[in-house]
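K.L.:
Just to be clear, the model below is a prediction. Sequence and coordinates:
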Amino acid sequence: NAGVTQTPKFRILKIGQSMTLQCTQDMNHNYMYWYRQDPGMGLKLIYYSVGAGITDKGEVPNGYNVSRSTTEDFPLRLELAAPSQTSVYFCASSQSGQWGYTFGSGTRLTVV
Amino acid sequence: AQKVTQAQTEISVVEKEDVTLDCVYETRDTTYYLFWYKQPPSGELVFLIRRNSFDEQNEISGRYSWNFQKSTSSFNFTITASQVVDSAVYFCALSPRTNSGYALNFGKGTSLLVTP
């Protein structure tokens, strides 16, 4: 049982480049989330999804896009990367929130 | 609005000391869930505890204990006889029931350093 798998684990981007952070879960969870963690700032919600085909913005969505074509996958797209997007990104999933969350191991992204 | 405040940014203790990490939350919901996560230097998030708003019983798990008080909107975490392996960043988080998607709202975290 793999849980939540994020790829890649590390990435360096140049300003203006684009990339997709992949997130896959094998627990058939309805809810999925993307968070970013900046030093000393905790985790902030970027986007979330309550099921396939349904996504919504979180606290800090600017500069990002998501899609949820299947229950398993919830990719995060960065268009025109900026240094402000340098962060650690965590994907998470949950069956109903109240029963807890499973987090991926994170993607450390540096934009230079 | 939902908000979690962890006022202690950094705490340093000597091994075997007891330490309490404070968490104060704000929510207008009557049903909500509170969590504590540990983030060791390796970076992953480790689930420690979940508590729903209707259960104010304190909980103890080994050297860890949690004190939930709705009257003060606090959910404090105590480590008894701290060990070097407890060194990590600890996050308190709130999941209001009415929040779409049950998204977690995190505090900024408390960095705990336990020295030998």
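P.N.:
Looks like it came in fine.

K.L.:
Chain A: strands as residue ranges?
P.N.:
Assigned by DSSP state E, chain A shows strands spanning A:4-7, A:10-13, A:19-25, A:31-37, A:43-51, A:54-57, A:64-66, A:76-78, A:87-94, A:102-103, A:107-111.

K.L.:
quick one: which of these is nearest residue B:26?
P.N.:
With C-beta to C-beta, the closest approach to residue B:26 among the strands of chain A belongs to strand A:43-51: 16.5 Å. Where you see a C-beta, it was placed from the backbone N, CA and C, and this is true even at glycine.

K.L.:
Give me the angle between the closest one and strand A:87-94.
P.N.:
40 degrees (axes from the mean of the first three to the mean of the last three C-alpha atoms, to 10 degrees).

K.L.:
Which one of the strands of chain A lies nearest to residue B:114?
P.N.:
strand A:31-37 (22.2 Å).

K.L.:
Contacts for the closest one, please.
P.N.:
For strand A:31-37, contacts defined as C-beta atoms under 8 Å, 6 or more residues apart in numbering or on different chains pick out A:21, A:23, A:25, A:43-51, A:58, A:60, A:64, A:66, A:68, A:74, A:76, A:85, A:87-97, A:101, A:106, B:101-104, B:106.

K.L.:
quick one: residue A:63 and residue A:106, what's the gap?
P.N.:
19 Å (C-beta to C-beta, to the nearest Å).

K.L.:
More neighbours: those two, which one.
P.N.:
More neighbours surround residue A:106 than the other of residue A:63 and residue A:106, with 22 against 14 (other C-beta atoms under 10 Å in any protein chain shown).

K.L.:
Wait, the more buried one touches residue B:42, no?
P.N.:
No - taking contacts as C-beta atoms under 8 Å, residue A:106 lies outside contact range of residue B:42: 9.9 Å.

K.L.:
Relative to residue B:78, which of the strands of chain A is closest?
P.N.:
Closest of the strands of chain A to residue B:78 is strand A:43-51, at 23.0 Å (criterion: C-beta to C-beta).

K.L.:
In PDB, could you pull the C-alpha coordinates for that closest one?
P.N.:
Output of strand A:43-51 as PDB, limited to C-alpha atoms (Å, rounded to 0.1, in the frame of the first residue of the first chain):
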ATOM      1  CA  LEU A  43       1.600  24.800   5.500                       C
ATOM      2  CA  LYS A  44      -0.800  26.800   3.400                       C
ATOM      3  CA  LEU A  45      -3.500  25.400   1.200                       C
ATOM      4  CA  ILE A  46      -3.000  25.900  -2.500                       C
ATOM      5  CA  TYR A  47      -5.900  23.900  -4.100                       C
ATOM      6  CA  TYR A  48      -8.100  21.100  -3.000                       C
ATOM      7  CA  SER A  49     -10.500  18.600  -4.600                       C
ATOM      8  CA  VAL A  50     -13.500  16.900  -3.200                       C
ATOM      9  CA  GLY A  51     -13.700  14.300  -6.000                       C
END
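
K.L.:
how about the residues of chain B near chain A?
P.N.:
B:9, B:33, B:35, B:43-45, B:47, B:50, B:52, B:91, B:95, B:97, B:100-109 (C-beta under 8 Å from any C-beta of the partner chain).

K.L.:
Pull up the residues of chain A that are close to chain B.
P.N.:
Counting by C-beta under 8 Å from any C-beta, chain A sits next to chain B at A:31, A:33, A:35, A:40-45, A:48-50, A:56, A:58, A:88, A:90, A:92, A:94, A:96-101, A:103, A:105-106, A:108.
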